[in-house]
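Engineer: Need a 3D model of the following:
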Amino acid sequence: MKRLVSLLLPLLLCTLFAGCERRPLVELTDLHYVRVYIDEELKNVTTGFYNENHARPEYESPDVLRVTLSDPTTDQVVAERYLRDRGSDERGSYYEGYVSVKPGRYNLLAYNFGTTSSILRNEYTYAGAEAYTNEIASHLLNNLPSRGDRSDERIVYDPDHLIVARCEGVEVPLRTYIDTLRTASGDYFMGQSIVKSYYLQIRVKGIQWVSSAVSLLTGVSGSARLHDGGVNEDDPVTLYIEMRRSDEPSRTDDTAVIYATFGMFGRLPDTDNKLEVSFDFLTRDGRALSHEFDITSKFDEPDAVEHQWLLLDDEIEIPEPPEEPGSGGGFEPGVDDWEDVNSDIII
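Structural biologist: I've put the predicted structure just below:
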């Protein structure tokens, strides 16, 4: 009898161990592969430059994409995943990973992290998720001579690129294997920026008297919805844009082009809405000067429509500093030579 037990015990143990298996923390039927391509052909940022010799905005490919799936009935996010794995093929760069969600029908959003000035709010809803930018710092506002009497104006930083993929009605079926989430046409998801980058330039005579310059653009929206890229009509703002001086030779020594590349969510949709740009200068002798232009029609010109270039034909003239009494005509500047204005963006 003892001999029989000693023979059966190893067989019983083998049977018990053979019946054990390691189960994943997530059921395979709830796990789904996601791939999101991103369009990085960004005019005036990565391609389509008006002047190849001018400084370009900094751009880096995203490190992470956040993917959310929302319930169409409640609009609330029910599943999310951060895609960190990146690849590329003939279609371009893509991000991939797996998201866990129960079978059903969902609205999908995917967007990049790591933006400097573009900020998100309501990101745990589908229709309510928006991008916006903060108001400029007080010390910058104090250096704008054209804004002294506009107490109700919101002056904000221009947004940087936010690449968004969206798809409504994504079907998540019951599967016994890991499947792939796709659009209704059976394709992978594609992300594009909801920000447009425009190139702006104007010629300045008397540039030798200028220490720094910024431009302020009115008639634009300060925020945009992620799910359709549309701008918020009830959010009028003024964009703060730092200008650069071109180092290229000009017709005369006292004339040069100032320029900038800036981002915006879009114009306000009102057909009567004006887009005005003012250039605010600080001179080397401490003067604050401002020049304003109506550039509404510029946005309808071929250069703006096809290339997002705003090439102003006007020329701003900076008057020579007045002579100091008893100075004998001499002049000592009270401010350093032209310099770029750099400041931290509060997030």
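
Engineer: List the residues that contact Thr255.
Structural biologist: By Cβ atoms under 8 Å, 6 or more residues apart in numbering, the contact list for Thr255 reads Arg203, Val204, Lys205, Gly206, Ile207, Glu315. Where you see a C-beta, it was placed from the backbone N, CA and C, and this is true even at glycine.

Engineer: The fifth one and Asp254 touch, don't they?
Structural biologist: Spelled out, that is Ile207. Yes. Between Ile207 and Asp254 a contact is recorded at 6.2 Å, counting by Cβ atoms under 8 Å.

Engineer: Looking at those two, which is more packed in?
Structural biologist: Between Ile207 and Asp254, counted using other Cβ atoms under 10 Å, Ile207 has the larger neighbour count: 22 against 15.

Engineer: in the sheet, who's paired with the closest residue to that one other than its chain neighbours?
Structural biologist: Using Cβ to Cβ, 6 or more residues apart in numbering and skipping the chain neighbours, the partner closest in space to Ile207 is Ala256 (4.3 Å). Note on Ala256: beta-bridge partners Val204, judged by DSSP bridges.

Engineer: Can you verify my assumption that Ala256 contacts Ser246?
Structural biologist: Yes. Ala256 is in contact with Ser246 according to Cβ under 8 Å; the separation is 5.5 Å.

Engineer: Could you check which of those two has the larger neighbour count?
Structural biologist: Between Ala256 and Ser246, Ala256 has the larger neighbour count (other Cβ under 10 Å), namely 22 against 18.

Engineer: Tell me how many other residues surround Pro319.
Structural biologist: Applying other Cβ under 10 Å, we find 11 residues neighbouring Pro319.

Engineer: So it lies in a helix, does it not?
Structural biologist: No. Counting by DSSP: H, G, I helix; E, B strand; the rest coil, Pro319 falls outside a helix, being coil.

Engineer: Val172 - how many residues pack around it?
Structural biologist: Counted with other Cβ under 10 Å, residues neighbouring Val172 total 19.

Engineer: That one against Thr180, yeah?
Structural biologist: No. Counting by Cβ under 8 Å, Val172 does not reach Thr180; the two are 10.8 Å apart.

Engineer: Between those two, which contacts overlap?
Structural biologist: Here Val172 and Thr180 have His32 as joint contacts, going by Cβ under 8 Å, 6+ apart.

Engineer: got any ranges where the stretch 201-347 of the chain has weak pLDDT?
Structural biologist: 251, 271-272, 324-347 (pLDDT under 70).
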